[in-house]
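A.B. asks: Have a look at this prediction, sequence included:
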Amino acid sequence: MTVRRQLGYSLVEVMMAVAILAILAAIAIPLYEGHILEARYGTALKDIRQIELLLDDLASNGDLGVVEPGGYVGGSDLGVYTNATGIQLGSLTLTPANTQPWLDPWGNLYRYQRANTTTIVYALYSRGADTADAGDDVSK
């Protein structure tokens, strides 16, 4: 009588291994996505603080620019762009010459909004992943 040696794994063993891997993936993927989202919010906040410092420096030097009627008074936004000397504010739809758009972690322009022409009080924000005015916006 000869004893046969089993080569390979049975179907039940393979199915058990796949089930264990599926359970681990179901736990790990949402945790990973949460860390990615948290990192994106952190990056957006860091960028906004950096832009804020650059804007405050421009404002203290008087180089922030004149707020033009129909420009960004009363709620319309401007985009933030980088150039060779620092940053520049411009239209959301048309990139100013010799600049690059400063994009948030979701690939959208950071936005600048100033309520009136007499003060330098402004809002600086990212619209978040959904690009709409909603609860996921990141602002200073």
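C.D. replies: Received the coordinates, thanks. Residues are numbered from 1 along each chain as shown.
A.B. asks: just the strands in this structure please.
C.D. replies: Chain-ordered strands for the chain, with DSSP state E as the definition, fall at 78-83, 86-90, 100-101, 111-114, 122-126, 138-139.
A.B. asks: Look up the closest residue to the spatially most central residue of the chain, ignoring the ones flanking it.
C.D. replies: Central residue of the chain (Cα atoms, centre = their mean): Pro105, 2.8 Å from the mean position. In this structure, Pro105 finds its nearest non-sequential neighbour in Arg40, 3.9 Å apart by Cβ to Cβ, 6 or more residues apart in numbering. In short, each C-beta sits where N, CA and C put it, glycine included.
A.B. asks: Tell me which of the strands of the chain approaches Ala59 most closely.
C.D. replies: Shortest distance between Ala59 and the strands of the chain, using Cβ to Cβ, is found for strand 122-126: 8.9 Å.
A.B. asks: Flag every buried residue along the closest one.
C.D. replies: Buried positions in strand 122-126, judged by neighbour count with 16 or more other Cβ atoms under 10 Å: Tyr122, Leu124, Tyr125, Ser126.
A.B. asks: distance of Ser126 from Asp104?
C.D. replies: Ser126 is 4 Å from Asp104, where distance means Cβ to Cβ, to the nearest Å.
A.B. asks: For beta bridges, what are the partners of Leu109?
C.D. replies: With beta bridges defined as DSSP bridges, Leu109 has these partners: Leu103.
A.B. asks: ok, the residue nearest to Gly90 when sequence neighbours are not counted - contacts?
C.D. replies: Leaving aside its chain neighbours, Gly90 sits nearest to Pro96 (4.0 Å; criterion: Cβ to Cβ, 6+ apart). For Pro96, the contacting residues are Tyr81, Asn83, Gln88, Gly90, by Cβ atoms under 8 Å, 6 or more residues apart in numbering.
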